[in-house]
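Engineer: Just the structure for this:
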Amino acid sequence: MAENPVFERAKRFLSALRHCQVLGLSVHSASNEGLTIVLPYSPQIVGNPETGVIHGGALTSLMDTACGMATLCVLPEFEVCPTLDLRIDYMHAAEPHKDVYGFAQCYRVTTDVIFARGFAYQDDPGQPIAHVMGTFMRMGKHIKGTKGFGGAVTGGAQ
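Structural biologist: Next up is the predicted model:
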């Protein structure tokens with residue numbers, strides 16, 4: 001099986017983010033077309049203990065991370081790209097005790113801003129839990145103070 005460099009870069013990026021480790025996020029798939037990450041169901045992300053419904057903040061973290069990581073799919077080299085704006089439209093609550101998948105793709109790349117969109121789902125991508133749109137600022141490859149982080153993502157020293 002041929003190595004997928006986008007998938008490998010996405011896995012390294014995710015492993016470098018502490019909040020992603022705490023949430024248990026993992027890369028499900030990644031290509032030049034976009035990526036999907038998984039938020040596993042756990043009692044720690046429940047917003048309503050009586051129903052077991054996942055907290056909206058966990059879903060927001062999933063989708064912000066997915067959209068931000070989608071920049072890895074379209075840029076030839078790692079760049080720091082913080083979130084400028086994120087809009088999430090919730091369609092319905094996630095079903096308790098089920099993992100949530102977050103798919104995102106970049107649909108426009110400019111010299112300063114990257115535009116991303118995506119959706120969260122559980123069993124069926126055709127029945128999304130939420131839709132998301134976001135913009136991410138391109139800060140460049142050589143931002144001061146990110147040398148170690150960039151190296152962790154690219155798999156080498158920067």
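Engineer: Any stretches of this structure with poor pLDDT?
Structural biologist: Applying pLDDT under 70 to the chain flags the ranges 1-2, 142-158.
Engineer: Show me which helix runs longest in this protein.
Structural biologist: helix 56-74 (DSSP state H).
Engineer: how close does the residue nearest to Arg9 when sequence neighbours are not counted get to Ala93?
Structural biologist: Leaving aside its sequence neighbours, Arg9 sits nearest to Leu72 (C-beta to C-beta, 6 or more residues apart in numbering; 5.3 Å). Backbone N, C-alpha and C define where each C-beta goes, glycine included. Separation of Leu72 from Ala93 (C-beta to C-beta, to the nearest Å) stands at 30 Å.
Engineer: repeat for Arg117
Structural biologist: Applying C-beta to C-beta to Arg117 and Ala93 gives a distance of 21 Å.
Engineer: quick one: contacts for the residue nearest to Arg9?
Structural biologist: Neighbour list for Leu72: 6, 9-10, 13, 30, 35, 78, 153 [criterion: C-beta atoms under 8 Å, 6 or more residues apart in numbering].
Engineer: Alpha carbons of stretch 66-79, in CSV - could you do that?
Structural biologist: The C-alpha coordinates for stretch 66-79 follow below in CSV (Å, rounded to 0.1, in the frame of the first residue of the first chain):
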residue,chain,number,x,y,z
ALA,A,66,-11.2,19.5,10.9
CYS,A,67,-11.5,22.7,9.0
GLY,A,68,-8.1,23.9,10.2
MET,A,69,-6.5,20.6,9.3
ALA,A,70,-8.1,20.7,5.8
THR,A,71,-5.4,23.4,5.1
LEU,A,72,-2.9,20.6,5.2
CYS,A,73,-4.7,19.0,2.2
VAL,A,74,-4.2,22.0,-0.1
LEU,A,75,-0.9,23.6,1.0
PRO,A,76,2.3,22.1,-0.4
GLU,A,77,4.1,22.8,2.9
PHE,A,78,2.9,23.3,6.5
GLU,A,79,1.9,26.8,7.4
